[in-house]
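Colleague: Sharing a sequence plus its predicted fold:
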Amino acid sequence: MVSDMRRIFHLSDIHFGLENNRALDWVKQEIEEHQPDAVAITGDLTMRARSREFEAATHWINSLQAPVTVEVGNHDMPYFNPIERFFAPYRRFRGMEEKVEREIDLGTLHIVPLKTAVRAQPRLNWSKGWVTDAALAKCLAAIDALPGGTRALVTVHHPLREVGTQGTALTKHGDKALRELAKRPVEAVLSGHVHDAFDIMEQTGEGPIRMIGAGTLSKRTRSTPPSFNDLEWDGEGLTVCVRNLDDVETGDMQIDDVPENALPPRRESDPVAPVRQVPRVDPPVR
C-alpha cells in the first residue's frame, strides 16, 4: 500500500542581496537531512532583482536536493530597467526557468501556482498584490483538471487578503480569488510577502478557505525571527510547524488577529477599527 504521507517545506522572502546566510545554511541542511517531497518558495528571491542577486538565488535554489516550485515576488520584477520590466520581466530567472510557477504532483495533493505579482497596475504602489483574470483562470483550470480526490495546495506571493501583520498585501481581486478557490478542492493557499507566519481559516461567501503564510529567511525580519513552514500531509489533512532559528514555539510565531477590512495597520492618529478574532488551525508544537 502506498503511503499518502507527504512533507513540504514552505520558504519565502529569501531576499538575496540582504539574505541571512546562517538561515540559508540551516534550511539547506534541513532539506538534505529530512528530504521533503517538495519545496515551495513563495516569492521575493531577491532584494532589487539585480543580476548578481538572481545568480546567487539560482545557485542556492538549484543546489536544493528536492523538487522545487518558485513563485514570482514583487521584489523579483526589474526595478531599474523599465523596458525589461514590461517586455521581459522574467528574463533573470534563466537558469531555473523550469521551477518558476511549476506544478508538483504529490499524489493526493497537488501544488498549483497563482501569480499575484504584476508588471504594472493602476495605482502608485506596484509592490502590492494583483490577481489578474488570466492568472486566476489559469490556476482554476489546473485545479479543475486534477483527478478526483486530489486536493490542491495553491502557491501565491501576496496573501489574498490582509492578515494582521506589519507588512501589507492589499491584493486587488484577492477576495474574488478566495471565493473561487473556496468552491474547489483547495487544501490551503500558501503565501509570503509579509515576513511573518500565519495559519488562519478565512470565511468567504462560498465557504471557508485556509491561508498559510511563511516568514522570511532574510535579514528583513519584522515581528518574528527567520523561519520556514514545515508542512505534513497525511492524505486527509495538513499540519503546520513553523521552524525558526530562535526555537520559538509555533503558536508564538503565528499571527492571530485579522482586520475586518483590507486596510494597512492603524496609525496612532487613525480612529480605532473593529478587529475580529479568526479561529486559527492549531498546529502541533514540535
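Modeller: Sure, I can see it.
Colleague: what bridges to the spatially most central residue of the chain?
Modeller: By CA atoms, centre = their mean, the chain has its centre lying nearest to residue 191, at 2.0 Å. Here residue 191 sits in beta bridges with residue 213, as judged by DSSP bridges.
Colleague: Tell me where the model's unsure across this protein.
Modeller: Low-confidence segments of the chain (pLDDT under 70): 1-3, 164-169, 257-286.
Colleague: hey, where'd the helices end up in it?
Modeller: With DSSP state H, the ranges of helices along the chain come out as 21-34, 51-62, 82-87, 133-144, 174-182, 250-253.
Colleague: Deepest-packed of these, please.
Modeller: Mean neighbours per residue, mean count of other CB atoms under 10 Å, is largest over the helices of the chain for helix 174-182, with a mean of 21. Yep, even glycine has a C-beta here, placed from its N, CA and C like the rest.
Colleague: Which strands and helices lie in contact with that helix?
Modeller: In terms of contacts (3 or more CB pairs under 8 Å, 6 or more residues apart in numbering; DSSP states H and E), helix 174-182 is packed against helix 133-144, strand 197-204, strand 207-213.
Colleague: how about stretch 201-221: buried residues?
Modeller: 202, 204, 209-218, 220-221 (16 or more other CB atoms under 10 Å).
Colleague: now stretch 116-135
Modeller: So for stretch 116-135, counting by 16+ other CB under 10 Å, buried means 116-118, 127-131, 135.
Colleague: Using CSV, write out every CA atom in that stretch.
Modeller: Extracted in CSV, the C-alpha atoms of stretch 116-135 (Å, rounded to 0.1, in the frame of the first residue of the first chain):
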residue,chain,number,x,y,z
THR,A,116,0.0,37.8,-7.8
ALA,A,117,3.0,40.0,-8.9
VAL,A,118,2.4,42.1,-12.0
ARG,A,119,4.5,44.3,-14.2
ALA,A,120,2.3,47.4,-13.6
GLN,A,121,-1.0,48.3,-12.1
PRO,A,122,-3.2,51.4,-12.0
ARG,A,123,-2.1,52.5,-8.5
LEU,A,124,1.1,54.1,-7.3
ASN,A,125,2.4,51.2,-5.2
TRP,A,126,3.3,48.4,-7.6
SER,A,127,4.7,46.2,-4.8
LYS,A,128,1.2,45.2,-3.7
GLY,A,129,-0.7,42.1,-5.0
TRP,A,130,-2.9,41.9,-8.0
VAL,A,131,-4.8,38.8,-9.3
THR,A,132,-5.5,39.2,-13.0
ASP,A,133,-8.4,37.4,-14.7
ALA,A,134,-5.8,35.5,-16.8
ALA,A,135,-3.8,34.3,-13.8
